[in-house]
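Enquirer: no FASTA, just this:
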């Protein structure tokens, strides 16, 4: 079955939709039916044949977003931001230790969902009801986990770039320390945890590249044949898909994996 992948918020999960005969390209804005009602989303996976297990119900792309839809979406985001400001003021007046991360209005405009985190279980429904009456809107409060809170708030990671959880669609892999070890990262909290206090999302995003490299590359200390002669692997260059080889004359050269052969083999 032909499908397209759509995300409905920054760093959100990719949801597969039936393109419904609409010609779609990467980054197109679309209006889709979802379990939450109609939603405004962005295509992150162009039309492709789905080979995995599909959800029980496959929702459809209804149409491409129009300029009027884009204007409506901007207005909804501005309205949600105002709800967030009012909600935050009300929370600060009554609670401590609660962080308000963001507010989202679905495209149907029926409600605004405010996300928050707290070390303890806190029921903010009374505040949501008060704010809703004040702004004549239906307001819902939803407690988030640390990862979701960081994704919504955004920021910059140790690399100096925008947080992966905000910049890219969510990954489906569970993040483990094994991923850090496969990437030769020191396993200490300062290097492998993000602003959310959990293992960094980039470990999962980059792990397939490192795993593929490890499966194909000779180990450090292995003797190999290169276009410049025989030598010993002394270091790895994963992003370049290459290794550094020390030749018999003590020169060190960078050699791509495709140009290597283990000594004694063709």
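Expert: Sure thing, it's come through. On a predicted model such as this, the values are computed, not experimentally measured, just so you know. Numbers count the residues shown, from 1 in each chain.

Enquirer: what pLDDT, on average, does the longest helix seen in the chain get?
Expert: The residue-count maximum for a helix in the chain (DSSP state H) belongs to helix 67-94. Helix 67-94 comes out with an average pLDDT of 96.

Enquirer: give me the distance between residue 215 and residue 223.
Expert: In this view, residue 215 and residue 223 are 20 Å apart by Cβ to Cβ, to the nearest Å. Any C-beta I mention is one placed from the backbone N, CA and C, and that applies to glycine too.

Enquirer: which one of the two is surrounded by more residues?
Expert: Set residue 215 next to residue 223 and count neighbours by other Cβ atoms under 10 Å: residue 223 wins out with 13 against 7.

Enquirer: that older thread, the longest helix of the chain: which residues count as buried?
Expert: 69, 73, 76, 79, 80, 83, 84, 86, 87, 88, 90, 91 (16 or more other Cβ atoms under 10 Å).

Enquirer: I'd like these laid out as TSV, including distance to residue 132.
Expert: Shown next, in TSV, are those (distance: Cβ to Cβ, whole Å):
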residue	distance to residue 132
69	25
73	21
76	16
79	13
80	13
83	9
84	13
86	10
87	9
88	15
90	11
91	14
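
Enquirer: doesn't residue 61 belong to a strand?
Expert: Yes: counting by DSSP: H, G, I helix; E, B strand; the rest coil, residue 61 is found in a strand.

Enquirer: give me the domain ranges for the chain.
Expert: Domain assignment for the chain, taken from automatic domain parsing, gives 2-65, 70-144, 156-210, 223-262.

Enquirer: how far does the helix or strand that the longest helix of the chain is followed by sit from the chain's center?
Expert: Sequence-wise, the next helix or strand downstream of helix 67-94 (DSSP states H and E) is strand 98-104. Strand 98-104 sits 19 Å away from the centroid of its parent chain (Cα atoms, centre = their mean, to the nearest Å).

Enquirer: between strand 98-104 and helix 67-94, how big is the angle?
Expert: 160 degrees (axes from the mean of the first three to the mean of the last three Cα atoms, to 10 degrees).

Enquirer: so which elements touch strand 98-104?
Expert: Judged by 3 or more Cβ pairs under 8 Å, 6 or more residues apart in numbering; DSSP states H and E, strand 98-104 is in contact with helix 67-94, strand 112-118, helix 146-153.

Enquirer: what's the closest of the domains of the chain to residue 150?
Expert: Relative to residue 150, the nearest member of those by Cβ to Cβ is domain 156-210, separated by 3.7 Å.

Enquirer: so for that closest one, what's the average pLDDT?
Expert: Averaged over domain 156-210, pLDDT sits at 87.

Enquirer: ditto for stretch 133-149
Expert: On average, the pLDDT along stretch 133-149 is 92.

Enquirer: give me the distance between the two termini of it.
Expert: End-to-end distance for stretch 133-149, by Cα to Cα, to the nearest Å: 26 Å.

Enquirer: likewise for stretch 2-22?
Expert: Stretch 2-22 has an end-to-end distance of 11 Å (Cα to Cα).

Enquirer: including distance to residue 219, could the helices and strands packed on strand 98-104 go into TSV?
Expert: Formatted as TSV, the helices and strands packed on strand 98-104 follow (distance: least, Cβ to Cβ, whole Å):
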stretch	distance to residue 219
helix 67-94	51
strand 112-118	44
helix 146-153	35
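
Enquirer: spit out the contact partners of residue 124.
Expert: The contact partners of residue 124, taken as Cβ atoms under 8 Å, 6 or more residues apart in numbering, are 91, 95, 98, 114, 116, 141, 143.

Enquirer: where do the strands sit along the protein?
Expert: 2-7, 15-17, 29-34, 37-49, 61-64, 98-104, 112-118, 139-143, 223-226, 229-237, 242-247, 252-256, 261-262 (DSSP state E).
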